[in-house]
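Chemist: Return atomic coordinates for the entry below.
(one chain, ligands or ions: 1)
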Amino acid sequence: MIEVKGTALPDVKIIRMKKFADLRGHFVETYNRQAFAAAGIEEEFVQDNLSLSIKAGTVRGLHFQIAPYAQAKLIRVVRGCILDVALDLRRSSSTYGQHVLIELSGDDSHQILIPIGFAHGFCTLEPNTEVHYKVTAPYSADHDRGLAWDDPALGIAWPVNAQQAVLSDKDTKNPLFSELPPYFS
Ligand SMILES: Cc1cn([C@H]2C[C@H](O)[C@@H](COP(=O)(O)OP(=O)(O)O[C@H]3O[C@H](C)C(=O)[C@H](O)[C@H]3O)O2)c(=O)[nH]c1=O
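Modeler: Have a look, this model is predicted:
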């Protein structure tokens, strides 16, 4: 039912759920607490989010929440396609400052699990892309933080540049990686 694979950042996992296809279409269990726990995924999710990005080239991120509202995230694409980015902000991690860039599509049944201590963002590759994700702590605007998505120091191979990207006003003003306080040990 569930296949869990590692990525270049060991704590970031790719999860694939079994897709039951038939003449009508298909069925996928997108989350099953017991199956996830049996696969070693113990995160307890408390909130589901859904974002629709109308244009391809929409960039949301890089975002994270700080303690006591830090979030792990389980992310999937319902419709469309994204390049998803997870960036390690844990100061003591051997992969601190490193990221993974993973394509997620509504056509596959892949999901990405991003633990606490990572910044998250994505760029849409198709119009009308819907991203659905579960988080392990509720939203707290006071604990919501951002990081400049296009900081050259991060070396993220985004498919758009700052002139092409569709961004919230907030995401045009995020601090650079070098300016971040040590939020995660
Ligand atoms: C995240 C969130 C937002 N909101 C409200 C706050 C704003 O009025 C509005 C849009 O929020 P924001 O511009 O922060 O949405 P995104 O840019 O999609 O942010 C998300 O995008 C990246 C990729 C993430 O990983 C985070 O989950 C989250 O930061 O929804 C809520 O009411 N609850 C929430 O959980």
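Chemist: where's the residue nearest the centre of the chain, which helix or strand?
Modeler: Nearest to the mean C-alpha position of the chain, by Cα atoms, centre = their mean, lies residue 120 at 4.6 Å. Element membership for residue 120, per DSSP states H and E: strand 118-124.
Chemist: Distance from that strand to the middle of the chain?
Modeler: Distance of strand 118-124 from the chain centroid (Cα atoms, centre = their mean, to the nearest Å) equals 5 Å.
Chemist: partners of that strand, with directions?
Modeler: Here strand 118-124 has these sheet partners by DSSP bridges: strand 59-65 (antiparallel), strand 81-88 (antiparallel).
Chemist: Indicate which one of those is closest to residue 11.
Modeler: Among the strands paired with strand 118-124, the nearest to residue 11 by Cβ to Cβ is strand 81-88 (8.0 Å). All C-beta spots, glycine's among them, are computed from the backbone N, C-alpha and C.
Chemist: list the contacts for the closest residue to residue 146 other than its chain neighbours?
Modeler: Residue nearest to residue 146 in three dimensions, not counting chain neighbours: residue 174, with 3.6 Å by Cβ to Cβ, 6 or more residues apart in numbering. Counting by Cβ atoms under 8 Å, 6 or more residues apart in numbering, residue 174 touches 62, 146-149.
Chemist: Nice, that's everything, thank you.
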